[in-house]
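Asker: have a look at this prediction, sequence included:
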Amino acid sequence: MKSERIHDKDFESQKGGVGGGTMVGPRRPQFVLFGSSIVQISYSFEGWGAILSDLYARKADIVLRGYSGWNSRLALQVLDQVFPKDAAVQPSLVIVYFGGNDAMKPHPSGLGAHVPLPEYVENMKKIAVHLKNLSEKTRLIFLTCPPVNEAKIRECFGNALDDQERTNELCGIYAEALVEMCRVLDVKVINLWTAFQQRDDWEAACFLDGIHLSSEGSKIVAKEILKALKDADWEPSLYWMSMPAEFSEDSPYYTVGPDGKTTVNISGVLSRSHNEWVNI
């Protein structure tokens, strides 16, 4: 296919996987966000990627690998290039989101993002197996489709998506299929389709355009991820409050404390932006 040749050419010069070549040091745990537009724009609009980067400052590097418009087929095309098995450094955590585009209704032309449900499940299984085999330390969290606000989509896009409609019903079907696949493979999964709809005003509050997430929608994603990390029995823990800060030693160069004789170690001090994430 032409698209496959384009992707091969685009990625030809990108060696070394998500971490690239030599990184700045010391080397921190690497968390990779891999997915479609909900990942790509997760640093925008007070997004969930930005929230994680803030909380994990001095603790882990959050690496963004988001590709707007992509489905699970496109993800498989580049999986070995984004996550090569022989990379010198493998991620400690990969958070994977594909499905919203797969769940669109098929376009009459045969083009478009739709992927039939059985193929979607198989594609996500291949992604999970590949990532689980990167290293013994690599942990996975899969995110399902969130719901969509169909009325808001119509308001923002008019009839542009009539032939490749997104419906809340289909998103729920694809979400449940991913949950079941992850159960079989013993992979952590967060059902965003269910989590969003626990909030009474989710349709009005959680979306920019009926599909992509507002700051309130992103808060739900971030909280669900943090809950999963807090509850996981992984060693070492990847929960932000359990991880050590980089260069946490005391120093005579810190600000002098009230006693006038010692300094205040601020390496572990939480900022005001962190307060709402302490007790989840």
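Answerer: Arrived safely, thanks for sending.

Asker: now the strands for the protein?
Answerer: 30-35, 61-66, 93-97, 139-143, 188-190 (DSSP state E).

Asker: now these in JSON lines, with distance to Trp202, mean pLDDT and mean neighbour count?
Answerer: Every residue, glycine included, has its C-beta placed from N, CA and C. Below are the strands of the chain laid out as JSON lines (distance: least, Cβ to Cβ, whole Å; pLDDT from 0 to 100; neighbours: other Cβ atoms under 10 Å):
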{"stretch": "strand 30-35", "distance to Trp202": "20", "mean pLDDT": "98", "mean neighbour count": "25"}
{"stretch": "strand 61-66", "distance to Trp202": "23", "mean pLDDT": "97", "mean neighbour count": "19"}
{"stretch": "strand 93-97", "distance to Trp202": "18", "mean pLDDT": "98", "mean neighbour count": "25"}
{"stretch": "strand 139-143", "distance to Trp202": "16", "mean pLDDT": "98", "mean neighbour count": "23"}
{"stretch": "strand 188-190", "distance to Trp202": "15", "mean pLDDT": "98", "mean neighbour count": "21"}
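
Asker: quick one: which of those strands is nearest Lys125?
Answerer: Smallest distance to Lys125 across those (Cβ to Cβ): 10.5 Å, for strand 139-143.

Asker: and the contacts of the closest one?
Answerer: Under the criterion Cβ atoms under 8 Å, 6 or more residues apart in numbering, residues 35, 38, 92-97, 124, 128, 131-132, 178, 182, 187-190, 192, 221, 225, 228-229, 232, 234, 238 lie in contact with strand 139-143.

Asker: the same query, at a cut-off of 7 Å, please.
Answerer: Outside of strand 139-143, the residues within contact range by Cβ atoms under 7 Å, 6 or more residues apart in numbering are 92-97, 128, 131-132, 178, 182, 187-190, 192, 225, 228, 234, 238.

Asker: kindly export stretch 200-219 (C-alpha atoms) in PDB.
Answerer: C-alpha atoms of stretch 200-219 as PDB (Å, rounded to 0.1, in the frame of the first residue of the first chain):
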ATOM      1  CA  ASP A 200     -23.900  13.300  35.600                       C
ATOM      2  CA  ASP A 201     -22.700  16.200  33.400                       C
ATOM      3  CA  TRP A 202     -20.200  14.200  31.400                       C
ATOM      4  CA  GLU A 203     -21.600  15.200  28.000                       C
ATOM      5  CA  ALA A 204     -21.400  18.900  28.700                       C
ATOM      6  CA  ALA A 205     -18.200  19.000  30.700                       C
ATOM      7  CA  CYS A 206     -15.800  16.400  29.300                       C
ATOM      8  CA  PHE A 207     -15.400  17.300  25.600                       C
ATOM      9  CA  LEU A 208     -14.100  20.100  23.400                       C
ATOM     10  CA  ASP A 209     -15.900  18.900  20.300                       C
ATOM     11  CA  GLY A 210     -17.800  15.800  21.300                       C
ATOM     12  CA  ILE A 211     -14.700  13.600  20.700                       C
ATOM     13  CA  HIS A 212     -11.600  15.200  22.200                       C
ATOM     14  CA  LEU A 213     -11.200  15.900  25.800                       C
ATOM     15  CA  SER A 214     -11.600  19.100  27.800                       C
ATOM     16  CA  SER A 215      -9.600  19.800  30.900                       C
ATOM     17  CA  GLU A 216     -12.400  18.100  32.900                       C
ATOM     18  CA  GLY A 217     -12.300  15.000  30.700                       C
ATOM     19  CA  SER A 218      -8.500  14.900  31.100                       C
ATOM     20  CA  LYS A 219      -8.800  15.000  34.900                       C
END
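
Asker: neighbours of Thr263, how many?
Answerer: Using other Cβ atoms under 10 Å, Thr263 is surrounded by 13 other residues.

Asker: excluding chain neighbours, what is closest to it?
Answerer: Tyr254 (3.8 Å; Cβ to Cβ, 6 or more residues apart in numbering).

Asker: now do the one you found, the pLDDT please.
Answerer: Note on Tyr254: pLDDT of 92.

Asker: does it touch Val264 like I think?
Answerer: Yes. With contacts counted by Cβ atoms under 7 Å, Tyr254 reaches Val264, the gap being 5.6 Å.
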